[in-house]
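[1] Only the shape, not the letters, is given here:
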């Protein structure tokens, strides 16, 4: 999202609420025509928010978010139809038309996987996603946090090789595309990843599920599988009501949650079968960082997201986010549920001040100094 659009939509009204000018938003279907790149584009969807100048945040029937400035908007037409997401069949046709020859579809209960790799890998990936989905729902149900079914099919694009993956992903990631094997895009609501097996296409075509499991049990595969689970966790969280896209969810919470779930089990033929285990990579990283961390490290982590955008601090921020989230979930689960409930109600495109972030956290968990002391004691059990 560009800074211009963020500034333009700094004052927004959630649908169902009252705008600054007193106008109510509607949840009906709209046809919005706007300038996109070098052409005009019409999208059917529902307007989630708008500013005083007429710029809108539009949710399309495929689950994509569009931030449209007033100067880009060409026409808005309200239709009598209610907003209805595309079915899997409709969305699948659009994906195949967009991605072109060589791609196929594989559908599970919640996922629509569009791929140009082997059928076996698509099936293995879909099965792992569904196990994660069930475990995620069961976990939060036991915590008495009410999730809902996704409004849209959960789309995963699986590319056969890095070259095709990077061509597709460069628009979203820029040069960072060379550093990743997969990501979840809040704007498009899609998960994008490259085939994890790393074998030649001509051989991949004839692979079996057993061969895939063997390849993914190799040294180094743990982090590869963890990355995919991590990104899939983001997608599930943003589609089941735990978090809201384009709202002010602190990065330490969003990433801490994903790292809490990401730990794979490569001893299992399924690659993943549990959650909430000690994350050995993150635990090791944080324990190495701990002796040199500044006194205000935790406050800086929580009050804003700057450390996650700084290449010099990013790895330490992720490690500390996992350790902090793990500690809170293990020792104060009821407060964590309450905190997640608060964050789930955050409006779109409204960003809290650092002070408000800290106040909301301490309002649920209590003063930070004694909590941090308990955190330090807890860390000793991880050594």
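    Everything's here; your move. Quantities reported herein were computed from a predicted structural model and do not represent experimental measurements. Residues are numbered from 1 along each chain as shown.
[2] Geometric centre of this protein: which residue is closest?
    Taking CA atoms, centre = their mean, the centroid of the chain lies closest to residue 234, which sits 3.0 Å from it.
[3] part of a helix, is that residue?
    Yes: according to DSSP: H, G, I helix; E, B strand; the rest coil, residue 234 belongs to a helix.
[4] hang on, it packs against residue 254?
    Yes: at 6.9 Å, residue 234 and residue 254 qualify as touching, with contact defined as CB atoms under 8 Å. Every C-beta, even on glycine, is put in place using the N, C-alpha and C of the backbone.
[5] what's the overlap in contacts for those two?
    Residues touching both residue 234 and residue 254 by CB atoms under 8 Å, 6 or more residues apart in numbering: none at all.
[6] hmm, back to that, which residue comes closest to the residue nearest to the centre of the chain once chain neighbours are left out?
    residue 184 (4.1 Å; CB to CB, 6 or more residues apart in numbering).
[7] how would you label that neighbour: helix, strand or coil?
    Strictly by three-state DSSP, residue 184 counts as strand.
[8] now residue 114
    Three-state call for residue 114 (three-state DSSP): strand.
[9] That one and residue 159 touch, don't they?
    No: Residue 114 lies out of contact with residue 159 (CB under 8 Å); the separation is 9.7 Å.
[10] Helix or strand next in line after the longest strand seen in the chain, which one?
    Criterion DSSP state E: the longest strand present in the chain is strand 39-50. Later in the chain than strand 39-50, the nearest helix or strand by DSSP states H and E is strand 56-60.
[11] quick one: contacts of stretch 329-344?
    Under CB under 8 Å, 6+ apart, the answer for stretch 329-344 is 143-145, 241-244, 247, 249-250, 253, 260, 276, 328, 360-361, 364-365, 374, 378.
[12] ok, of the residues you listed, which come out buried?
    145, 241-244, 247, 249-250, 253, 260, 328, 360-361, 365 (16 or more other CB atoms under 10 Å).
[13] tell me which of those is nearest to residue 136?
    residue 242 (8.4 Å; CB to CB).
[14] May I have the beta-bridge partners of the residue nearest to residue 234?
    residue 191 (DSSP bridges).
[15] if I pick it, what's in contact with it?
    190-192, 231-232, 234-235, 238.
[16] got TSV for those residues, with distance to residue 315 too?
    Listed next are the contacts of residue 184 as TSV, based on distance: CB to CB, whole Å:
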residue	distance to residue 315
190	26
191	23
192	23
231	18
232	22
234	19
235	23
238	24
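[17] Which one of these is nearest to residue 307?
    residue 234 (18.7 Å).
[18] who's in contact with the nearest residue to residue 382 once chain neighbours are set aside?
    The shortest distance from residue 382 to any non-neighbouring residue, by CB to CB, 6+ apart, is to residue 283 (5.2 Å). Applying CB under 8 Å, 6+ apart, we find residue 283 in contact with 322-323, 382.
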